[in-house]
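1. whatever this is, show me its structure:
(chains A and B)
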2 protein chains.
Amino acid sequence: MSMPPLASGPEGSDALRPLLATVLDALDAGARSRGGPLPAGGPHTVAAHVREALGDPLPEHGDPDALHTLVRTLAAGAADPAHPLCAAHLHCPPLAVATAADLAVSALNPSLDSWDQAPAASELETLLTQALAAEIYGHPNPAPPTGPTPAPKGPTPTLNDLTAPTTRRRPATVPTPPADALVTTGGTEANHLALLLARETHGPALRLVCGANAHHSLPRAAWLLGLPEPVILPTPTGVLDPATLHHTLTTRPGPHLVAATAGTTDAGLIDPLPALAALCHTHGARLHIDAAYGGGLLFSDRRRSLLTGLEAAHTVTLDLHKLGWQPVAAGLLAVRDPHDLTALHHHADYLNADDDTEAGLPDLLGRSLRTTRRPDALKIAVTLKTLGRSGLGALVDRVCDHARQLADLITAHPGLELHAPPTLSTVLFRPAHATDNAVADIRRRLLIHGHAVLGRARLDGRLWLKTTLLNPHTRPADLTALLRLVEGNTPA
Amino acid sequence: MSMPPLASGPEGSDALRPLLATVLDALDAGARSRGGPLPAGGPHTVAAHVREALGDPLPEHGDPDALHTLVRTLAAGAADPAHPLCAAHLHCPPLAVATAADLAVSALNPSLDSWDQAPAASELETLLTQALAAEIYGHPNPAPPTGPTPAPKGPTPTLNDLTAPTTRRRPATVPTPPADALVTTGGTEANHLALLLARETHGPALRLVCGANAHHSLPRAAWLLGLPEPVILPTPTGVLDPATLHHTLTTRPGPHLVAATAGTTDAGLIDPLPALAALCHTHGARLHIDAAYGGGLLFSDRRRSLLTGLEAAHTVTLDLHKLGWQPVAAGLLAVRDPHDLTALHHHADYLNADDDTEAGLPDLLGRSLRTTRRPDALKIAVTLKTLGRSGLGALVDRVCDHARQLADLITAHPGLELHAPPTLSTVLFRPAHATDNAVADIRRRLLIHGHAVLGRARLDGRLWLKTTLLNPHTRPADLTALLRLVEGNTPA
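-> This is a model prediction of the structure:
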């Protein structure tokens, strides 16, 4: 057998070129055979096609056509987030430029657990994560000549009083250390890390307090970390009520980690961050904000102020495979006080021996819970540089504007009921007078027939159809078509 | 601003084509300017190049050249695992075909947290993971007509007595459920999951028992999960001694999770799996085997028997971004009894509502601790199908043979000392009569000058240079060149 070529090294590009052409051709062929946002026929039909295409997953002898066959099968059986009628989840269509950048990472395979596996990638990650953390927490102050350290620059000055105590703890002559961020596999890992850092600061009796509107990964992280049963506060309005939180922090013994949400999964709502932050400050509770969805508003001049209060959180989850148009994975956890990260410090002689660190080799092992780790920073950095803040902000504004347009269409439609005007790019609606079962059935029918991918959310005691609009290329006609599909599948 | 194109949808391939050409060109340009296995000049020099190329990570306006600039910078500053003198870590050069397949995943962005984000990808993962689990645990038995359920088919029959008690617990008329595997970000996450499943079976008093030769992620996982302080057994010979384990299991109260290693990070050694498995069986301890490195031997007819005993483990870590030539990430945790996975069952109404599950939509959320999740299964499946077991096994044999050749060269060299004949593809050696400081210095000098990437390992109280040979394209002349570089940098 001739040796299969590698993706890098002197022959790498020549080996990749025809294979990439095969992939593009197979993607096109698969999309053509699918014809819509997802394959028709439902799980059994799709599974049968995949089983037939795959055959024996580990045959004795190789098949040179496997790349085309399996990529075509994947594409034919995909729910394509670039199709405007695929609009259920926080499942974004990636930008071509981000996808292309990610190929370079797959080819060179840098691993961020030691400098000698990722010399340039590790520095790129450092610069990118500091820049993103500074988007939330402001840029670090250089050593001030005299007087108290000013509070970190935030997008609005009104919350300086909340952040001031942290800075006041430090001697006036020491510069504020810059906030930092860790790259994660997504919001779930970022939330897990946030709870871990809180546990290491406050001890294993730390209790998570969050709303029923919070992402399921938060209570799951408490379970993983062996923390006490979380307190889940009811959120009948869809957001965390400061009065409810105040009652809990007053009546239950701490220490507490409060997790607020900027962009709920179900409705795209933003908790009242400044009021929640003020309460945490008063009660000495630690604050985490899950901005996996809403964090993208940082790039929009028009909408950035919706995130006021974010800078008061000890930790913030961001996720650029949502409002950032990255291929999965592109999660981040921003950390206000980088000293918190010492909890992750970890020693493994083969990766960060003391004498190597003293000799100047960067110690990377404390920047993740993973060991081998792909530099997702590259595609993010390429995207930010290619589009600039204005370009990325325009995309954010566009999908939020789409949501308003869809909401207007629903309001104007006599047969449909809108849940509420959208805050981000999520729109909840339902056929007027339909039962919950009928709503669930419409969604499943659209899925099984391959007509549209819509989500679902239970709010105010009723089941709603959910659209999460993340495709900036969506046109008004697509929104109309989506509503027509729902109408056509609603029982009379 | 015109809207940046997406990676999929009708214009996806046309948008990607020129960008992929840009990436290949930038990879070549970067590699040319690097000229060797890694950039010369050390961390400060590399960091300065990256800082200059990146500039402001989030400028107000975009730069259309950013893709070329940043990919070229990444390549110029990479430690290229496809270069034969990059041979320090378990950091493999990916196959071109696996890298190309991964592009399809980046473009379509399926996410494995719900069927309606990954219809075909979820089925592909199911088939692949069952096939890989069957490589370890054998294929499931169909419902036997009468009599006791036979033990699962393993590569050797000698361990049937070890696995029998598990199968005997089941009623004879119920077929053995097939073993399963979960896809992870690597060995570290797989080890974490293995400890979690053990905690959920045996409770939070479970204590990890492993050798000092075990991967650092195992004790780190115990810390993450809030488990008691692990017992780390000394491994002066490089592997876990059954007598030492017997003493511990006899004298310390359980419950215990014993973690053995098939392919140690430092030396590529395999713990005596059958003897350790027998002890665990006798003492009622749970057994996990970390075969992140050694698991690749499953594909080699010549070497597969080195893994005898693997099938006795409750859980096994595999990692195909080591001896599997995948781009990161390609980890797996194989689980003998799929009932163990019920501990991961998790409910989030927007992803796996009961009525949707009852209506036949697959519930995927319990297959990972992540939520959004990229289908790393595609590149693995494409590789297994393209090469077949024989093709993959040939690559495994080739790098193991390289290690023997290098060991022979070292033995024949009067100025070098070999640690031991290699088991896998790791070779430890050192200049005869050099101090530990001199050994550490040789490694750093080769790194800083951009001449070679070698690793280090402390064994038998001395520091050794480590080569982990994972490049099947390496030639005998490369091995000679590597030794000559060490010789040339050894103080007289």
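2. so residue A:464 sits in a helix?
-> No. Counting by DSSP: H, G, I helix; E, B strand; the rest coil, residue A:464 falls outside a helix, being strand.
3. so where's chain A uncertain?
-> A:1, A:141-175 (pLDDT under 70).
4. buried ones in the longest helix seen in it, by neighbour count?
-> Determined from DSSP state H, the single longest helix within chain A is helix A:377-412. For helix A:377-412, a neighbour-count test (16 or more other C-beta atoms under 10 Å in any protein chain shown) marks A:377-389, A:391-400, A:402-403, A:405-407, A:409-410 as buried. All C-beta spots, glycine's among them, are computed from the backbone N, C-alpha and C.
5. ok, and which of those residues reach chain B?
-> The subset of the buried residues of helix A:377-412 within reach of chain B, by C-beta under 8 Å from any C-beta of the partner chain, is A:378, A:381-382, A:384-389, A:391, A:394-395, A:398.
6. how distant is the helix or strand just after the longest helix of chain A from the center of its chain?
-> Using DSSP states H and E, the helix or strand that follows helix A:377-412 in sequence is strand A:416-418. Its chain's average C-alpha position is 28 Å from that of strand A:416-418, according to C-alpha atoms, centre = their mean, to the nearest Å.
7. who does the helix or strand that strand A:416-418 is followed by pair up with?
-> For strand A:416-418, the following helix or strand on the C-terminal side (DSSP H and E) is strand A:426-431. Strand pairing for strand A:426-431, determined by DSSP bridges: strand A:416-418 (antiparallel), strand A:462-468 (antiparallel).
8. need those strands in a markdown table with mean neighbour count and distance to residue A:17, can you?
-> Formatted as a markdown table, the strands paired with strand A:426-431 follow (neighbours: other C-beta atoms under 10 Å in any protein chain shown; distance: least, C-beta to C-beta, whole Å):
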| stretch | mean neighbour count | distance to residue A:17 |
| --- | --- | --- |
| strand A:416-418 | 18 | 50 |
| strand A:462-468 | 24 | 37 |
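9. before we move on, the earlier item: and the angle from the longest helix of chain A to strand A:462-468?
-> 130 degrees (axes from the mean of the first three to the mean of the last three C-alpha atoms, to 10 degrees).
10. which other helices and strands does helix A:377-412 contact?
-> helix A:96-108, helix A:119-137, strand A:416-418, strand A:426-431, helix A:476-488, helix B:66-76 (3 or more C-beta pairs under 8 Å, 6 or more residues apart in numbering or on different chains; DSSP states H and E).
11. could you work out the end-to-end span of stretch A:331-339 for me?
-> Criterion C-alpha to C-alpha, to the nearest Å; first-to-last residue distance in stretch A:331-339 is 21 Å.
12. where does it sit relative to the chain's centre, distance-wise?
-> For stretch A:331-339, the distance to the chain centre is 15 Å (C-alpha atoms, centre = their mean).
13. in space, what's closest to the most centrally placed residue in chain A - neighbours in sequence excluded?
-> Centroid-nearest residue in chain A, with C-alpha atoms, centre = their mean: residue A:319, separated by 2.5 Å. Sequence neighbours aside, residue A:292 is the residue nearest to residue A:319 in space, at 3.8 Å (criterion: C-beta to C-beta, 6 or more residues apart in numbering or on different chains).
14. ditto for residue A:29
-> residue A:72 (5.0 Å).
15. if we can go back for a sec, between the helices and strands packed on helix A:377-412, which one is closest to residue B:423.
-> Nearest to residue B:423, of all these, is helix A:96-108, at 28.8 Å by C-beta to C-beta.
16. just name the most buried of the helices and strands packed on helix A:377-412.
-> helix A:96-108 (a mean of 29; mean count of other C-beta atoms under 10 Å in any protein chain shown).
17. which neighbouring elements make contact with it?
-> helix A:12-34, helix A:377-412, helix B:12-34, helix B:66-76, helix B:96-108.
18. how far out from the middle of the chain is the fourth one?
-> Per C-alpha atoms, centre = their mean, the displacement of helix B:66-76 from the mean C-alpha position of its chain is 27 Å.
19. picking that back up, among the helices and strands packed on helix A:96-108, which comes closest to residue B:205?
-> Within the helices and strands packed on helix A:96-108, the stretch nearest residue B:205 is helix A:377-412; the backing value is 40.0 Å (C-beta to C-beta).
20. got the buried residues for stretch A:6-16?
-> So, applying 16+ other C-beta under 10 Å, buried residues of stretch A:6-16: A:6, A:7, A:8, A:9, A:12, A:13, A:15, A:16.
21. on that earlier part again, can you check which of the strands paired with strand A:426-431 gets nearest to residue A:206?
-> Once those are compared by C-beta to C-beta, strand A:462-468 is nearest, at 32.0 Å.
22. relative to residue B:475, how far out is the closest residue in space to residue A:399 that isn't next to it in sequence?
-> Distances taken as C-beta to C-beta, 6+ apart put residue A:425 closest to residue A:399, at 4.3 Å, once the chain neighbours are dropped. From residue A:425 across to residue B:475, the span is 55 Å (C-beta to C-beta, to the nearest Å).
23. the residue nearest to residue A:29 and residue A:31 touch, don't they?
-> No. The pair residue A:72 / residue A:31 is not scored as a contact, 9.3 Å apart, by C-beta atoms under 8 Å.
24. residue B:124 is nearest to which of the helices and strands packed on helix A:377-412?
-> Across the helices and strands packed on helix A:377-412 (criterion: C-beta to C-beta), the nearest stretch is helix A:96-108, sitting at 18.1 Å.
25. endpoints of stretch A:446-459, how far apart?
-> 21 Å.
26. tell me the buried residues in it?
-> A:446, A:447, A:448, A:450, A:451, A:452, A:453, A:454, A:455, A:456, A:457, A:459.
27. so which of those residues are in helices?
-> A:446, A:447, A:448.
28. which one of those residues is nearest chain B?
-> Ranked by distance to chain B (C-beta to the nearest C-beta), these are led by residue A:447 at 5.6 Å.
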